[in-house]
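Student: Fold the following, please.
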Amino acid sequence: MTFTLILCGATCLFMILSIFLYPTVKVGKLHLDSYVLAALTGALVLLCSGRVSFGHILEKMTENSAVNPLKILCLFLSMTFLSVFLDELGFFSFLAVKALEKSGTNQKKLFFYLYFTVSVLTVFTSNDVIILTFTPFICYFSKNAGIDPLPYLFAEFIAANTWSMALIIGNPTNIYLATSSGVSFFSYFSAMLLPTVLTGLVALLMLWLLFRKKLQKPMEIQRKKAFLGDRPSLILGILLLSSCTVTMAVSSYFNVEMWIISLGAVLLLCVLSAILSLCRRRRPSELWGALKRLPYAIIPFVLSMFVLVLGLNEAGFTGLVAEFLGREQPLLRYGLSSFLAANVVNNIPMSVFYSSVLEWGKAPLPAVYATVIGSNIGAFLTPIGALAGIMWSGLLRNCGVPFQNRTFLKYGVLLSLPAMGAALLGLFLCM
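Tutor: Model (predicted):
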């Protein structure tokens, strides 16, 4: 057990250090995420050491079970593709511009418009896609209007990582934890609706209390034209995303797995979009754009963490953690521990490990939902709490917005603790 623990600990440490010191590594023309390389190296060392056999890994990745990481990755990447396809057509930017137009010179209006727009979009798409789309937009209009971008950046980030709890598709950690525990789309929504709404309201109140003074100054009216791409393709994308979400909601009644539905929606979108473009003699650039922008790095990252977790299972460490957390007071024990663990190793490795802990300890269903809450709200505390935080910080650097980690931590503590309390209270009322 000692070797496996040291290796897993060192891998997580190198992952975190790489995020801050060397975010990317250039190999020829390729730019690789260094945290992925750290995870991959750790998994390969574990495999070569014989602590986990290749045959056992292959068996786990091909078995027809809820914890099969390939199924989970397929579901996440499929839903991300549907969202990125709409983004390629300018759908999210269009809505952002409309929110800006309706605000006029009033910063308070813009603050609330932005929060509600991001909240609604995140529920039906993905927090990562929304953050990638809205962050550069916020940096752009704030610079041109001469206003402080911080209230809007935090409003966007907090909204995206709060309302991502509402549906199973909102965050890759939701997908991993819920599907590995056999939770259906509708069961998940029924349990997580109240916690999400309560957290969303508390988070908005805290954001307002923290930033209301910064929103007093009038801003210059921004003249930015709203642009939408190919309308037929946009309608097709919206219809398929909506249909896919509704179908997944009732999938448990027909005993059809969600990854099959989402993959089918993507394949149908590709075929219909290609036919539509062929008939109109245009290049389906939005398809290629969506394919290029998919977060492919998450594939080796999740698979590497899956291998490391298998090693911890084989060493008996997973069982020790499951015994420590126990079955009593699952909301507090699993909720708070997952919240803290996400800020030590990032929320995706935490979710992969906790899925095994939940299975090993035969934890009650509230523990699964509490862990989901910890994986989402954990993003509030530090930039390493979630992949969304890492991307968000990187975007701010690229946009030239001065931002320090201690600023994130200062606001993160004030926002995350009330939000965590509201979420666990909402879950307690639902259980």
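Student: ok, how many other residues are close to E328?
Tutor: Applying other C-beta atoms under 10 Å, we find 8 residues neighbouring E328. C-beta coordinates here come from the backbone N, C-alpha and C atoms, glycine included.
Student: Give me the pLDDT value at the residue most central in space within the chain.
Tutor: Central residue of the chain (C-alpha atoms, centre = their mean): N171, 3.6 Å from the mean position. Note for N171: predicted pLDDT of 88.
Student: how about the spatially closest residue to it that is not a sequence neighbour, what does it touch?
Tutor: Spatial nearest neighbour of N171, excluding adjacent residues (C-beta to C-beta, 6 or more residues apart in numbering): S164 at 4.3 Å. By C-beta atoms under 8 Å, 6 or more residues apart in numbering, S164 lies in contact with 122-123, 126-127, 170-171, 174, 376.
Student: if we go to 7 Å?
Tutor: 122, 127, 170-171, 376 (C-beta atoms under 7 Å, 6 or more residues apart in numbering).
Student: same deal with T133?
Tutor: Counting by C-beta under 7 Å, 6+ apart, T133 makes contact with 87, 92-93.
Student: same thing but at 8 Å, please
Tutor: T133 makes contact with 87, 92-93, 96, according to C-beta under 8 Å, 6+ apart.
Student: ok, and the most crowded of these?
Tutor: Going by other C-beta under 10 Å, A96 tops these with 26 neighbours.
Student: Mind checking what secondary structure that residue has?
Tutor: helix (DSSP: H, G, I helix; E, B strand; the rest coil).
Student: So it sits against T135, correct?
Tutor: No: A96 lies out of contact with T135 (C-beta atoms under 8 Å); the separation is 10.6 Å.
Student: ok, the residue nearest to the centre of the chain - contacts?
Tutor: Going by C-beta under 8 Å, 6+ apart, N171 touches 126-128, 161, 164-165, 375-376.
Student: Drop anything exposed from these.
Tutor: Buried subset of the contacts of N171 (neighbour count, 16 or more other C-beta atoms under 10 Å): 126-128, 161, 164-165, 375-376.
Student: Secondary structure, distance to L47 and pLDDT for the residues you listed - can I get that in CSV?
Tutor: Shown next, in CSV, are those (DSSP: H, G, I helix; E, B strand; the rest coil; distance: C-beta to C-beta, whole Å; pLDDT from 0 to 100):
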residue, secondary structure, distance to L47, pLDDT
S126, coil, 31, 81
N127, helix, 32, 86
D128, helix, 29, 83
N161, helix, 33, 95
S164, coil, 33, 94
M165, coil, 34, 96
S375, helix, 26, 94
N376, helix, 31, 95
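Student: Of the residues you listed, which is the nearest to L215?
Tutor: L215 lies nearest to N161 out of the buried ones among the contacts of N171, by C-beta to C-beta, at 21.1 Å.
Student: measure that closest one to L414 for me?
Tutor: Look at N161 and L414: by C-beta to C-beta, to the nearest Å, they are 15 Å apart.
Student: go on, I299?
Tutor: 36 Å.
Student: cool, and A249?
Tutor: Shown here: A249 relative to L414, a distance of 35 Å by C-beta to C-beta.
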